[in-house]
Structure formats: structure tokens, C-alpha cells
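Asks: I'd like to go over a predicted model; first the sequence, then the structure.
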Amino acid sequence: MQVWLEGDDGSVAIIEGAHDKFVSTTVKEELDTRCSTRRQIYIDLRKFVEQENGSEVHPVFNYEVLDFENRYPSVSVTENDREHLRDLQMEFASIDDEDKFYELRKFIRSVQSRKRTVDGEIIVYNGNHKSDLVDEIDSRINNYPDSLVLAQGAAWCDDENGDTVVTLDYEDMINNESDINDAIELHYTPSHRLNIVSPDAV
């Protein structure tokens, strides 16, 4: 259910396999926002490195992430975005200088391309969830957005769509599967327990 465009594991979970892939409205909204933000960050980064060095090719991996963030605040940059920018610096370190801007433009185009691929693979589940279940799960994992996603997963299971939730979130979801399912049982039945797994288990 919870599949991001942040890394290969999420892409594999979406693209591979003949099974139906459902996402909740909350996950779809987050996916749209993350893709839009990531594309804008690449655009801003291109402007930043071009401005830093004028017409010369700038060593893209040689900038301070926070300096870039402070100079181009067009979108809100999360800690995941900062980590991605640092990874990008390392990746660009092995690319010839004359190819750096070309590769950055490819990153900009790839966001739209990958999102189109994902949108073509997923089915958005619009069923109603139980708001009191959101609160019950949140009292156990202390993460309201994830609790909302899981409550929507329980509603999806109640509609007999399946019981497997795919996520990259170990800390709040996978590691707390038992507590989450105990909360779900209070509002549904034991048959509604979710199988919360990572993409490599699908």
C-alpha cells in the first residue's frame, strides 16, 4: 500500500508482479506531493549550480545542502530530501564534469516518467475508514499520518480486497505490526489483521 518513489525497493514493489496494487487516497496524495517536490528540488538545484559558476560547469557534488536550501526555498525540504541531496552529491562525484548538467536534467525528466509508470500500475482505494481506529492506532505508534494509512488499509481489507500492506517504514509500521493489529481487532475482527511487509517480501 505505502509505496514511494524514493528508491528502487518501492519501484520494484509497484512495477513487478501481476497482483493488483492498491494505494489509499492518503498515500496517493503524499506520492503526488513528493514527486512534485522532488522535481522542483532538481530544478532549483540546476539553477543553483548554474548561478554559482556562471557559464562554467560547476562540480555539482561540491555545495552545501543547507546553503542550497536557504538560497532556493521554493519548496519545503525534508530531512529525507537532504539525505537524497547528499547521496546525489556522491553519485555525481563519479560523473565527468561535462556530463553533470545533462545527468541533472535527466533526473528532472525521470520524476515525471516514473510517476506516470506508477500511476498506470496502481488502483486508488476510496473507501471510508474508521476515524476512531486512526486514534487507536496512533495511541500505539504515535504517528498520525501512518495511523491514517493503516486505518484505510483495515477498511480496504474489510471490503475483501486483501490483507497485505507494503511499506518501507520499519520503525512505525513493520516493527509495530502486532500492536497495530491488536488495535484493528478492537474495531473489526481477527480476520482483519494486516500483513505488513517490506517490498522484498511481496
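Replies: Structure's in. What do you need?

Asks: how about the strands in the chain?
Replies: Here the chain has its strands, by DSSP state E, at 21-24, 122-125, 164-166, 195-197.

Asks: as a markdown table, those strands with distance to Glu91, mean neighbour count and mean pLDDT would be great.
Replies: C-betas here are computed from N, CA, C, even on glycine. Shown next, in a markdown table, are the strands of the chain (distance: least, Cβ to Cβ, whole Å; neighbours: other Cβ atoms under 10 Å; pLDDT from 0 to 100):
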| stretch | distance to Glu91 | mean neighbour count | mean pLDDT |
| --- | --- | --- | --- |
| strand 21-24 | 28 | 22 | 86 |
| strand 122-125 | 28 | 15 | 87 |
| strand 164-166 | 26 | 22 | 91 |
| strand 195-197 | 29 | 18 | 94 |
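
Asks: which of the ones you listed sits closest to Asp81?
Replies: With Cβ to Cβ as the measure, strand 21-24 is the member of the strands of the chain nearest Asp81 (21.2 Å).

Asks: Gln152 and Tyr125, how far apart?
Replies: 7 Å (Cβ to Cβ, to the nearest Å).

Asks: what is the least confident helix or strand in the chain?
Replies: helix 8-15 (a mean of 52; mean pLDDT, DSSP states H and E).

Asks: common neighbours of Gln152 and Tyr125, please.
Replies: Ser24, Thr25 (Cβ atoms under 8 Å, 6 or more residues apart in numbering).

Asks: helices along the chain, start to end?
Replies: 8-15, 25-53, 65-71, 79-92, 100-121, 131-141, 144-158, 177-187 (DSSP state H).

Asks: weakest of those helices in terms of mean pLDDT?
Replies: Mean pLDDT across the helices of the chain is lowest at helix 8-15; the value there is a mean of 52.

Asks: distance of Gln112 from Arg38?
Replies: According to Cβ to Cβ, Gln112 and Arg38 sit 10 Å apart.

Asks: of these two, which one has the most company?
Replies: Comparing Gln112 with Arg38 by other Cβ atoms under 10 Å, the one with more neighbours is Arg38, at 22 against 12.

Asks: so what pairs up with the nearest residue to Trp156 once chain neighbours are set aside in the strands?
Replies: Distances taken as Cβ to Cβ, 6 or more residues apart in numbering put Tyr125 closest to Trp156, at 5.0 Å, once the chain neighbours are dropped. Per DSSP bridges, the residues bridged to Tyr125 are Ser24.

Asks: check contacts around Tyr125.
Replies: Phe22, Val23, Ser24, Thr25, Gln152, Ala155, Trp156, Asp159, Asn161.

Asks: list the buried residues for stretch 82-98?
Replies: His84, Leu85, Leu88, Gln89, Phe92 (16 or more other Cβ atoms under 10 Å).

Asks: actually stretch 130-137, not the one I wrote
Replies: Applying 16+ other Cβ under 10 Å to stretch 130-137 flags Lys130, Leu133, Val134, Glu136, Ile137 as buried.

Asks: same check on stretch 179-190?
Replies: For stretch 179-190, using 16+ other Cβ under 10 Å, the buried residues are Ile180, Asn181, Ala183, Ile184, His187, Tyr188.

Asks: understood, closing this out.
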